[in-house]
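**Q** Build me a model from this:
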Amino acid sequence: MSKSIIYRLATVADSCEIQELFNTHYYPNEPITVGWINNDPVPEDLASTLEVLVEKFSIVAVDEATNRIVGACIAGVDTQNDMKNIIDEAKKTANKKWSQYLQLFARIRLESKIFEKFNVNESLHVHALVVDGNYQNNSIGYKLMEECFKLAASSDCKICSVNCSSIYTGKIATKLNMQCIGSIAMDSVIDEDGKRLIYPPEPHTHINSYAKRLSNDD
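**A** Next comes the predicted model:
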């Protein structure tokens, strides 16, 4: 592993490499996906995440020695109007698991009340944070989010937000002085029949929503 990591704007051209990073290091470790009651694929989830790259707020970490992407912070602008789009997609999608994911995303948004609490119409939202397991414990996740928020602040974004099912990502958010504005116990996430959907691995128990105001100094 090289000690020389550079951080740059992610582009659509990075999609394939980022997809591999997600399949290898994100989905096998993210508490929501690991703890979900079935392993049915949800290609819509990754496709939706990668679509955000066109908004030019995502950051990647690159090992200079190998020119490989070893981490990514995928972020885009989230608006109040997106709630209706999420609910509409949940109703029309043929993938039941994706529908359940979308319903959960809508619940997180509804219960965190980010727009009401900060009196804004949009936020820069981190959709996913991933770091190659071979590069853990080098503060890459922290640096990725920090660089993402600096970029957002320079583009006049007022608020940043992230939802964390992992306590480790939550610790990064706290270190970045983000405020916890909402929390959902994963054992409370159920389907229409009242069946529990997530059994997260220890020590993860909640999906916590974090947010903070941005300035050009952040």
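**Q** Give me the buried stretch members for the host helix or strand of I74, please.
**A** Using DSSP states H and E, I74 sits within strand 68-79. Buried residues in strand 68-79, defined by neighbour count with 16 or more other C-beta atoms under 10 Å: 68-76, 78. In this view, the C-beta of every residue, glycine as well, is placed from N, C-alpha and C.
**Q** Looking at these, spot the one nearest L144.
**A** Using C-beta to C-beta, the shortest approach to L144 within those belongs to C73, at 3.8 Å.
**Q** could you say what helices and strands the top helix by length along the chain packs with?
**A** Counting residues, the longest helix found in the chain (DSSP state H) is helix 96-112. Other elements packing on helix 96-112 under the criterion 3 or more C-beta pairs under 8 Å, 6 or more residues apart in numbering; DSSP states H and E are helix 43-51, helix 82-92, strand 159-164, strand 179-185, strand 206-213.
**Q** how about the ones you listed, which one is nearest H127?
**A** Using C-beta to C-beta, the helices and strands packed on helix 96-112 put helix 43-51 closest to H127, at 5.3 Å.
**Q** what about that closest one, distance to the chain center?
**A** Its chain's C-alpha centre and that of helix 43-51 lie 12 Å apart, by C-alpha atoms, centre = their mean, to the nearest Å.
**Q** Now do the nearest residue to Q80 once chain neighbours are set aside against K92, distance only.
**A** Leaving aside its sequence neighbours, Q80 sits nearest to F115 (C-beta to C-beta, 6 or more residues apart in numbering; 5.1 Å). From F115 across to K92, the span is 25 Å (C-beta to C-beta, to the nearest Å).
**Q** what's the offset of the lowest-mean-pLDDT helix or strand in the chain from the middle of its chain?
**A** Within the chain, no helix or strand scores below helix 82-92, which has a mean of 93 by mean pLDDT, DSSP states H and E. Relative to the chain's own centre, helix 82-92 is displaced by 18 Å; criterion: C-alpha atoms, centre = their mean.
**Q** shouldn't S58 be in contact with V77?
**A** No: at 11.6 Å, S58 does not count as touching V77 under the criterion of C-beta atoms under 8 Å.
**Q** hang on, the earlier thing: who touches the least confident helix or strand of the chain?
**A** Under the criterion C-beta atoms under 8 Å, 6 or more residues apart in numbering, residues 98-99, 102-103, 105-106, 109-110 lie in contact with helix 82-92.
**Q** Low-confidence ranges, this structure, go.
**A** Residue ranges of the chain with pLDDT under 70: 1-3, 216-218.
**Q** Hmm, N67 and E17 touching each other?
**A** No: assessed by C-beta under 8 Å, E17 is found out of contact with N67, at 10.0 Å.
**Q** Give me the more crowded residue out of those two.
**A** E17 (16 against 9; other C-beta atoms under 10 Å).
**Q** if I pick that one, what's in contact with it?
**A** 68-69.
**Q** Now name the helix or strand holding it.
**A** helix 15-21.
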